[in-house]
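K.L.:
Predicted model, plus sequence, below.
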Amino acid sequence: MSILSGKNILLGISAGIAAYKTASLVREFIKAGANVQVVMTPASKDFVTPLTLSTLSKNPVYSSFYNEDDDNAEWNNHVELGLWADLVLIAPATANTLSKMANGLCDNLLLATYLSAKCPVYFAPAMDLDMYKHPTTLETFKKLKTFGNTIIPAATGELASGLVGEGRLAEPEDIVTFIEQDILNQLPLKNKHVLITAGPTYEAIDPVRFIGNHSSGKMGFEIARAAANLGAKVTLISGPTQQKLAHKSVEIVPVISAQEMYDAVHAHFKDCDIAILSAAVADYKPKDVATQKIKKKTSTLSIDLIKTKDILASLGAIKTSQFLVGFALETQNELENAKGKLKKKNLDLIVLNSLQDKGAGFKTETNKVTFIAKDTTVTAFDLKLKSEVAVDLINEIIKKIDA
Ligand code: CTP
């Protein structure tokens with residue numbers, strides 16, 4: 001899935017011959033799963049038609065503040081357009097439009113929208129080679145970069161003038177790849193390896209029976225998704241679950257028992273930067289596992305249980321630079337118990353779930369959590385979807401790591 005999926009992209013088209021390429025550009029963005037709106041300078045309509053772009057973007061195309069031919073025309077609100085956008089791309093960006101952008105001129109809807117946008121702005125210049133190298137143009141690029149705008153450099157090749165050199169609009173696929181890569185490079189968890197445990201564990205009694213619990217694995221899978229969406233490489237060690245997650249940055253390691261989870265976690269812990277243990281690991285397992293199915297010969301049956309290894313505590317004991325996060329599911333003295341676990345297991349942060357909160361805990365789509373950090377800060381949240389809790393948790397970890 002592209003990082004552009006679900007993003008709102010505002011494409012600003014200025015009047016260069018390369019404007020004809022914007023039809024392909026819009027298609028590429030739509031293919032990547034983005035929402036696209038187009039604003040054109042009036043002169044650019046000579047090079048590509050609004051009808052083509054509105055058909056491809058599935059949205060109206062704007063080129064003036066209102067439609068002069070329509071007596072009931074509505075105001076095309078540049079501020080709304082600017083604020084709607086997650087990113088603005090000006091392509092092709094002519095010397096004229098770029099110079100106006102650099103100097104705050106605002107004599108058309110595209111420029112007014114640019115000035116209203118608060119999001120990242122990319123510009124892909126297209127002009128003849130001498131214009132591209134002109135000191136004024138270079139000065140304009142420099143100025144726009146100091147405003148935080150990003151240039152997508154022009155390509156070299158045959159130009160509309162017949163000359164050959166630098167100044168061609170970058171190819172639509174290259175523009176899309178450039179923006180995707182630029183966003184990926186800025187993700188806060190880029191180059192971070194996050195280890196996550198999820199789901200229940202099953203402790204065998206005999207070849208057909210086990211001790212388990214009702215954990216769905218949902219919380220851990222949502223945390224994995226949230227971390228991967230912010231650029232992390234994720235190793236997700238999961239007990240038996242129905243959850244699915246197809247993300248190119250997430251490797252799922254399926255396990256069944258607490259011992260298998262322990263082994264898998266320890267195989268990856270040394271190389272990770274952040275470990276989040278959200279699995280509902282069985283605290284006890286049968287002392288002996290029957291090799292054959294146990295027959296119902298007696299009226300009562302006792303099974304001796306022994307403790308499983310506490311995976312979280314074992315990591316707390318060996319951790320070096322890793323940021324270690326545990327969960328605490330409590331039914332009484334919640335805050336006190338969670339703080340105790342944080343200290344005892346040498347954690348950096350603990351996520352407290354109270355079973356007293358309606359909608360929290362196992363098998364639900366929602367959770368109500370409190371984060372308690374090593375620095376004693378306590379942050380309580382309202383009842384939220386587990387996907388939202390996961391994003392809150394990852395953001396909290398990023399805040400703590402950057403602090
Ligand atoms: N945990 C673990 N290995 C275990 C048991 C628990 O890694 N064998 C982890 C869980 O993934 C969770 C945290 O420990 O992050 C807390 O689990 P919880 O069951 O609330 O606490 P326990 O420490 O097991 O204590 P108790 O059951 O007595 O409350």
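P.N.:
Cool, the structure landed. Numbers count the residues shown, from 1 in each chain.

K.L.:
which residues touch residue 111?
P.N.:
97, 100-101, 105 (C-beta atoms under 8 Å, 6 or more residues apart in numbering). C-beta coordinates here come from the backbone N, C-alpha and C atoms, glycine included.

K.L.:
what do you get if the cut-off is 6 Å, keeping everything else the same?
P.N.:
The contact partners of residue 111, by C-beta atoms under 6 Å, 6 or more residues apart in numbering, come to residue 100.

K.L.:
how far away is it from residue 89?
P.N.:
Taking C-beta to C-beta, to the nearest Å as the criterion, residue 111 is separated from residue 89 by 15 Å.

K.L.:
and if you look at residue 110?
P.N.:
11 Å.

K.L.:
Also residue 286?
P.N.:
Taken as C-beta to C-beta, the span from residue 286 to residue 89 is 61 Å.

K.L.:
do the helix or strand bottoming out on mean pLDDT in the chain and the ligand meet?
P.N.:
Within the chain, judged by mean pLDDT, DSSP states H and E, the helix or strand with the poorest mean is strand 366-367; its value is a mean of 88. No: Strand 366-367 does not reach the ligand (C-beta under 6 Å from any ligand atom); its nearest approach is 13.7 Å.

K.L.:
one step back: neighbour-wise, which of residue 110 and residue 89 wins?
P.N.:
residue 110 (29 against 26; other C-beta atoms under 10 Å).

K.L.:
can you pull the buried residues of the strand or helix carrying the more buried one?
P.N.:
Per DSSP states H and E, residue 110 falls inside helix 109-116. For helix 109-116, the neighbour count (16 or more other C-beta atoms under 10 Å) marks 109-114, 116 as buried.

K.L.:
Kindly report the same for stretch 190-205.
P.N.:
For stretch 190-205, by 16+ other C-beta under 10 Å, it's 192-203, 205.

K.L.:
so how far is the helix holding residue 110 from its chain's centroid?
P.N.:
28 Å (C-alpha atoms, centre = their mean, to the nearest Å).

K.L.:
Just read off the phi/psi values of the residue lying closest to residue 228 once chain neighbours are set aside.
P.N.:
Once flanking residues are discounted, residue 228 sits nearest to residue 249: 4.2 Å by C-beta to C-beta, 6 or more residues apart in numbering. The phi/psi pair for residue 249 (degrees, to the nearest 10) reads phi -100, psi 0.

K.L.:
next one: stretch 60-70 to chain centre, how far?
P.N.:
Using C-alpha atoms, centre = their mean, the offset of stretch 60-70 from its chain centre is 35 Å.

K.L.:
Spell out which parts of the stretch 51-200 of the chain neighbour the ligand.
P.N.:
residue 197.

K.L.:
can you count the residues close to residue 38?
P.N.:
By other C-beta under 10 Å, neighbour count at residue 38 equals 26.

K.L.:
Buried residues of the helix or strand containing it, list them for me.
P.N.:
Per DSSP H and E: residue 38 is located in strand 35-40. Neighbour-count burial for strand 35-40, counted by 16+ other C-beta under 10 Å, picks out 35-40.

K.L.:
and the next element down the chain from the least confident helix or strand of the chain?
P.N.:
strand 369-373.

K.L.:
Quick one: mean pLDDT over that following strand.
P.N.:
Strand 369-373 shows a mean pLDDT of 96.

K.L.:
Point me to the residue of the stretch 1-150 of the chain nearest the ligand.
P.N.:
Among the residues of the stretch 1-150 of the chain, residue 1 lies closest to the ligand, at 28.7 Å counting by C-beta to the nearest ligand atom.

K.L.:
Any idea how many residues pack against the closest residue to that residue other than its chain neighbours?
P.N.:
Leaving aside its chain neighbours, residue 1 sits nearest to residue 33 (6.9 Å; criterion: C-beta to C-beta, 6+ apart). Residue 33 has 13 neighbouring residues, counting by other C-beta under 10 Å.

K.L.:
try residue 293
P.N.:
Neighbours of residue 293 (other C-beta under 10 Å): 11.

K.L.:
Can you tell me which of the buried residues of stretch 190-205 end up in helices?
P.N.:
Nothing among the buried residues of stretch 190-205 maps onto helices, per DSSP state H.

K.L.:
going on from the helix holding residue 110, what's the next piece of helix or strand?
P.N.:
strand 121-125.

K.L.:
what helices or strands is that next one leaning on?
P.N.:
On a contact count with 3 or more C-beta pairs under 6 Å, 6 or more residues apart in numbering; DSSP states H and E, strand 121-125 meets strand 87-93.

K.L.:
and the helix or strand just after the strand it packs on, average pLDDT?
P.N.:
Following strand 87-93 in sequence order, the next helix or strand is helix 95-103 (DSSP H and E). Mean per-residue pLDDT for helix 95-103: 98.
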